[in-house]
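Engineer: my questions are about this predicted structure, shown below with the sequence.
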Amino acid sequence: MPPLVPRLLTASAVAAAVLGLALAAPACSSSGSSGRASSTLAPEDQLASDADVTAGLAQIETLNGQAVAALATDPAAAKQTVATIYDRWYAIEGTIKHHSTSTYLDLEDGLGSIKNGVDQNDVAKATTGAAAFSTAAATYLSQWPGTSVPTTPASP
């Protein structure tokens, strides 16, 4: 019969190796039909097509106007519109951030002002945010007009 200490050391080494492999396994979700793992990325890390970004910015600008207009008469509707704005924003923000970080931040600031204005029932603040978003969207679209090649270099 072999000595007990070497058997325990071997068993401990095997257990440590199995545990190490289990801990090192990636914690991602199952693969879909495309063979890629389901996305666990933050919205700002997901990319959309340039055409989707162009359409999304136009939709958001329309929704921004609706939120500001509703704020004076129906604050609850304005809040619901802001929720819709953010749902649409989450679908496109990654591409914008990827192409131009500075414009992405300007767009985020504009959206933040709209949301704060709606939350505070402050039409002037929401209006200012909508204007800032519109200006930043125009800047972005002048650089990335729905194509994958910018007309000017992206900002770091």
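Structural biologist: Received the coordinates, thanks.
Engineer: run through the neighbouring helices and strands of the helix of greatest length in the chain.
Structural biologist: If you go by DSSP state H, the chain has its longest helix at helix 75-99. If you count contacts as 3 or more Cβ pairs under 8 Å, 6 or more residues apart in numbering; DSSP states H and E, helix 75-99 packs onto helix 50-71, helix 101-119, helix 123-143. From N, CA and C alone the C-beta is placed, and that goes for glycine too.
Engineer: need the ones you listed in a markdown table (columns: mean neighbour count and mean pLDDT).
Structural biologist: Formatted as a markdown table, the helices and strands packed on helix 75-99 follow (neighbours: other Cβ atoms under 10 Å; pLDDT from 0 to 100):
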| stretch | mean neighbour count | mean pLDDT |
| --- | --- | --- |
| helix 50-71 | 19 | 95 |
| helix 101-119 | 19 | 97 |
| helix 123-143 | 18 | 96 |
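Engineer: that older thread, would you mind listing the buried residues in the longest helix of the chain?
Structural biologist: 78-79, 81-82, 85-86, 88-89, 91-99 (16 or more other Cβ atoms under 10 Å).
Engineer: still on that earlier bit, of the helices and strands packed on helix 75-99, which is nearest Ala42?
Structural biologist: Among those, helix 101-119 comes nearest to Ala42, with 13.1 Å by Cβ to Cβ.
Engineer: now tell me what touches the closest one from outside.
Structural biologist: For helix 101-119, the surrounding residues in contact (Cβ atoms under 8 Å, 6 or more residues apart in numbering) are 44, 60, 64, 67-68, 71, 75, 78-79, 81-82, 85-86, 89, 93, 96-97, 122-137, 139-140, 143, 154-156.
Engineer: ok and it relative to helix 75-99, angle-wise?
Structural biologist: Inter-element angle recorded for helix 101-119 and helix 75-99: 170 degrees (by axes from the mean of the first three to the mean of the last three Cα atoms, to 10 degrees).
Engineer: pLDDT of the longest helix of the chain, averaged?
Structural biologist: Per-residue pLDDT over helix 75-99 has a mean of 96.
Engineer: ok, residues contacting that helix?
Structural biologist: Residues outside helix 75-99 that contact it (Cβ under 8 Å, 6+ apart): 41, 43-50, 52-53, 56-57, 59-60, 63-64, 66-68, 70-71, 103-104, 107-108, 111, 114-115, 118-119, 121, 126, 140, 143-144, 150, 154.
Engineer: report the angle between it and helix 123-143.
Structural biologist: Using the same axes, to 10 degrees, helix 75-99 lies at 30 degrees relative to helix 123-143.
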